[in-house]
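# A structural model of the following input is requested.
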Amino acid sequence: MSPNPSKDRRAVLNFEGKRYNLNDMSDELKRLVRGLQTAESQLKHAQDQLRVVAVGRQVLASQLKRKLTEVTPCED
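Numbers count the residues shown, from 1 in each chain. Next up, the predicted model:
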């Protein structure tokens, strides 16, 4: 889903392989489009945050592994 403004100022929504003129849509449909755009934006942001957390976790695990070489493991 992506609105594409063209040279003639038509706002076009591409959704599931079809194009729709946003100017011809009711206010309710426009709100739904904006809501979906917001959800997609928030999802991308959350995915980016997850990648940052995953990298941080890898760094912490690497540091822990390096520091544990100085500690004798328990014998069970």
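
# For the protein, just list every one of the helices.
Counting by DSSP state H, the chain has these helices, from start to end: 27-68.

# low pLDDT regions in it?
1-8 (pLDDT under 70).

# The residue nearest the centre of it: what's it in contact with?
What sits nearest the mean C-alpha location of the chain, by Cα atoms, centre = their mean, is residue 44, with 0.8 Å. Listed by Cβ atoms under 8 Å, 6 or more residues apart in numbering, residue 44 has no contact partners. C-beta: built from backbone N, CA, C; applies to glycine.

# gap between it and residue 69?
Relative to residue 69, residue 44 is positioned 39 Å away (Cβ to Cβ, to the nearest Å).

# again with residue 50
Distance from residue 50 to residue 69, by Cβ to Cβ: 30 Å.

# So between the two, which is more surrounded?
Neighbours per residue, other Cβ atoms under 10 Å: of residue 50 and residue 69, the larger number sits with residue 50, 10 against 6.

# Can you tell me how far the closest residue to residue 19 other than its chain neighbours is from residue 33?
Closest residue in space to residue 19, ignoring its immediate chain neighbours: residue 12 at 5.2 Å, by Cβ to Cβ, 6 or more residues apart in numbering. From residue 12 across to residue 33, the span is 11 Å (Cβ to Cβ).
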